[in-house]
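> Here is the input, now give the coordinates:
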Amino acid sequence: MRYLGKDYTGKGVSIAIVDSGINPNDPRLAGVEVEGWSIQLGATGHALLSSECDDEHGHGTEIAVAIHRLAPDAKLLAVKIMGERLRTSAELMAAGIETAARHKAQVVNLSLGTPNMGKALLLRDCVANAVDAGTLVFAAAHPKGERAYPADLPECIGVAAHLDCPLDKYFYFNPKRFPRKEWGVLSGKFLTHGWAVGTDDEPGKYRGSGIATAYMSATAACLAEALSDKKGRFDAQELLKSLHRSALVPIPEIGYS
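Numbering: from 1, shown residues only. Presented below is the predicted three-dimensional model:
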């Protein structure tokens, strides 16, 4: 990314991808430093961490690839909270955010969220703690403007796709694996914003607010590199102002500017 006449690649910045894991053997991620963990909830509701973070589905890997394209020198932290069927919970999302912050991630990417307002306070506490620790949290907003958490929390940076992108589909998965009739069941639990049009042999281009969130997370990592001092510290408010200038901002009177 070019900023003030210089190119930046996210070097020295860690980006945590709270998702379905990352496949480190994907050829598109060759040479990328990937570290990660898997989180499950125990019988008592406590988060249990393991070092296994392989992607069983592909969603997290696609997000990682999108981030890597814009921030090729950033370190990727895989925080796996979903398996093959992309099922998760607000509790696991909260644990994922907390785990990322504890491992010093400067940027956290969640290309998912929940419409459950009852879980907003739980997620807000975790996001606020992460922000206090110096972490920027990016999350996908609902593609139709409805509520989604943590994107709609004031401490979180919510990202939506541009209106030119079709907004009639929500879920980022292969339609052959998850038929349309199952989408309603998934939507009541969480939202993974984005989708692909294509086949198994010829994957389509992923679009939607999930991929937009990945692009914004990568841009933030490059800006963090650009704005960091010699000790790797940066002013989050200054970064957000720079990020805001590069985004499409809705202005009711005239649309996007």
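
> from here on, contacts and neighbour counts on C-alpha atoms
Will do.

> show me the contacts for residue 160.
By C-alpha atoms under 8 Å, 6 or more residues apart in numbering, the residues touching residue 160 are 140, 141, 142, 143, 208, 209, 210, 212, 213.

> would you list the residues you listed in JSON lines and tack on pLDDT?
Output for these, formatted as JSON lines (pLDDT from 0 to 100):
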{"residue": "140", "pLDDT": "90"}
{"residue": "141", "pLDDT": "84"}
{"residue": "142", "pLDDT": "77"}
{"residue": "143", "pLDDT": "66"}
{"residue": "208", "pLDDT": "72"}
{"residue": "209", "pLDDT": "79"}
{"residue": "210", "pLDDT": "83"}
{"residue": "212", "pLDDT": "83"}
{"residue": "213", "pLDDT": "90"}
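
> where in the stretch 151-257 of the chain is pLDDT low?
By pLDDT under 70, the weakly predicted segments of the stretch 151-257 of the chain are 162-207, 246-257.

> swap the cut-off to 80 and go again
160-209, 244-257 (pLDDT under 80).

> quick revisit: among the contacts of residue 160, name the ones in helices.
Filtering those for membership in helices, criterion DSSP state H, returns 209, 210, 212, 213.

> are any of these buried, and which?
209, 210, 212, 213 (16 or more other C-alpha atoms under 10 Å).

> From those, pick the one nearest residue 60.
residue 210 (10.5 Å; C-alpha to C-alpha).

> Residue 109 is in contact with that closest one, correct?
No - the criterion here is C-alpha atoms under 8 Å, and residue 210 misses it with residue 109 at 9.3 Å.

> Now do residue 100 against residue 64, distance only.
Remark: distance between residue 100 and residue 64 (C-alpha to C-alpha, to the nearest Å) = 15 Å.

> Make sure residue 15 is indeed in a strand.
Yes - counting by DSSP: H, G, I helix; E, B strand; the rest coil, residue 15 is found in a strand.

> Mind listing the residues bridging to it?
Beta-bridge partners of residue 15, counted by DSSP bridges, are residue 76, residue 107.

> residues in contact with the nearest residue to residue 214 once chain neighbours are set aside?
Nearest residue to residue 214 in three dimensions, chain neighbours excluded: residue 67, at 5.4 Å (C-alpha to C-alpha, 6 or more residues apart in numbering). Listed by C-alpha under 8 Å, 6+ apart, the contact set of residue 67 reads 214, 215, 217, 218.

> Nearest to residue 226 among these?
Nearest to residue 226 among the contacts of residue 67: residue 218, at 12.6 Å, using C-alpha to C-alpha.

> Sounds good, over and out.
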